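Undergrad: Let me see the structure of the following:
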Amino acid sequence: MTETTSAATGWLIDGFQAWVVFCIWCAAVVLYGLYRAVAKPDADAIRPSGPGV
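TA: Just a heads-up that it's a prediction; the model follows:
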């Protein structure tokens with residue numbers, strides 16, 4: 001049983017790796033937000049209110 005446990009622990013991430021992935025994810029979210037704020041794509045067309053024509 002110890003052999004399977006030691007083999008499985010090689011695939012587990014530790015706290016440092018989790019923080020690295022979290023920081024990379026946060027940086028990607030911030031960069032995407034900045035890109036969306038600066039790029040200012042055209043607004044989607046809004047359909048007129050009321051029953052469909």
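Undergrad: which helix of this structure spans the most residues?
TA: Ordering each helix of the chain by length in residues (DSSP state H) puts helix 15-39 first.
Undergrad: Other residues contacting that helix?
TA: By Cβ atoms under 8 Å, 6 or more residues apart in numbering, the residues outside helix 15-39 that reach it are Ile13. For glycine as for every other residue, the C-beta is placed from the backbone atoms N, C-alpha and C.
Undergrad: I'd like the mean pLDDT over it, please.
TA: Mean pLDDT, helix 15-39: 95.
Undergrad: now stretch 46-53
TA: On average, stretch 46-53 scores 76.
Undergrad: What residues sit buried inside that stretch?
TA: Buried positions in stretch 46-53, judged by neighbour count with 16 or more other Cβ atoms under 10 Å: none.
Undergrad: Distance from the chain centre to that stretch, please.
TA: 35 Å (Cα atoms, centre = their mean, to the nearest Å).
Undergrad: cool, and stretch 10-27?
TA: 13 Å.
Undergrad: go on, stretch 13-28?
TA: That offset, for stretch 13-28, works out to 11 Å (Cα atoms, centre = their mean).
Undergrad: and if you look at stretch 26-45?
TA: 14 Å.
Undergrad: So for that stretch, what gets flagged as buried?
TA: Across stretch 26-45, burial judged by 16+ other Cβ under 10 Å covers no residue at all.
Undergrad: Alpha carbons only: can I get that stretch in CSV?
TA: Presented in CSV, the C-alpha positions along stretch 26-45 are these (Å, rounded to 0.1, in the frame of the first residue of the first chain):
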residue,chain,number,x,y,z
CYS,A,26,-5.2,36.3,-11.7
ALA,A,27,-2.7,38.0,-14.0
ALA,A,28,-4.5,36.5,-17.0
VAL,A,29,-7.9,37.8,-15.8
VAL,A,30,-6.4,41.3,-15.1
LEU,A,31,-4.7,41.4,-18.5
TYR,A,32,-7.9,40.3,-20.3
GLY,A,33,-9.9,43.0,-18.4
LEU,A,34,-7.3,45.6,-19.5
TYR,A,35,-7.5,44.4,-23.1
ARG,A,36,-11.3,44.6,-23.1
ALA,A,37,-11.2,48.1,-21.5
VAL,A,38,-8.7,49.4,-24.0
ALA,A,39,-9.9,47.6,-27.2
LYS,A,40,-13.5,49.0,-26.8
PRO,A,41,-15.2,46.7,-29.3
ASP,A,42,-18.3,47.9,-31.0
ALA,A,43,-21.4,47.6,-28.9
ASP,A,44,-23.9,44.9,-29.8
ALA,A,45,-27.0,46.1,-31.6
